[in-house]
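Undergrad: Give me a model of this one.
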Amino acid sequence: MYRFIVYQLDKSHEDFSNKEFYERSSMWFNKSHVQQAMTKRQYKRVAYILACNLNQVMHKSKQGEFPDDVDKISIGDIIEDEISNRYIVAHTGFDKLEEVL
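TA: Below you'll find the predicted structure:
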């Protein structure tokens, strides 16, 4: 088992002014959107989860194994592995996110 960190958009962040836009845009959320949100520090760490791989992290999220105040993992969320590789949850699987300065 490995320890993964889950990041989600912080809807209480002062720059998160257009919640409806982000909810609608999740259908086409991409690396550029994620990088912009990360630069503005709009993501927050919401959970740690023990799993064998990224797919099992998703499965545990769908089974409700996260704290009650954490949303299920969805498109645009970020999952970080033990060696600090970050992956965006995409329509079909995961898309590796390059480091944001």
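
Undergrad: Give me the spatial nearest neighbour of R86, chain neighbours excluded.
TA: Once flanking residues are discounted, R86 sits nearest to L97: 4.3 Å by C-beta to C-beta, 6 or more residues apart in numbering. The C-beta positions use only the backbone N, C-alpha and C, and glycine is treated the same way.

Undergrad: Give me the pLDDT value at the one you found.
TA: In the predicted model, L97 carries a pLDDT score of 85.

Undergrad: That one is in contact with K31, isn't it?
TA: Yes: at 6.4 Å, L97 and K31 qualify as touching, with contact defined as C-beta atoms under 8 Å.

Undergrad: And the residue nearest to R86, how close does it get to N85?
TA: Separation of L97 from N85 (C-beta to C-beta, to the nearest Å): 8 Å.

Undergrad: And the two? Which one has more around it.
TA: Neighbour totals were compared for L97 and N85, and L97 leads with 17 against 13 (other C-beta atoms under 10 Å).

Undergrad: do you know how far the more buried one is from D68?
TA: For L97, the distance to D68 - C-beta to C-beta - is 27 Å.

Undergrad: And for K60?
TA: Distance from K60 to D68, by C-beta to C-beta: 14 Å.

Undergrad: What of K40?
TA: Distance from K40 to D68, by C-beta to C-beta: 27 Å.

Undergrad: Among these two, which residue is more densely surrounded?
TA: Legend: neighbour count by other C-beta under 10 Å for K40 and D68, higher for K40 (13 against 5).

Undergrad: Identify each buried residue in the helix or strand hosting K96, please.
TA: In this structure, K96 sits in strand 93-97 according to DSSP states H and E. Of the residues in strand 93-97, 94, 97 count as buried by neighbour count, 16 or more other C-beta atoms under 10 Å.

Undergrad: Quick one: residues in contact with it.
TA: 31, 34-35, 54, 78-79, 85-88 (C-beta atoms under 8 Å, 6 or more residues apart in numbering).
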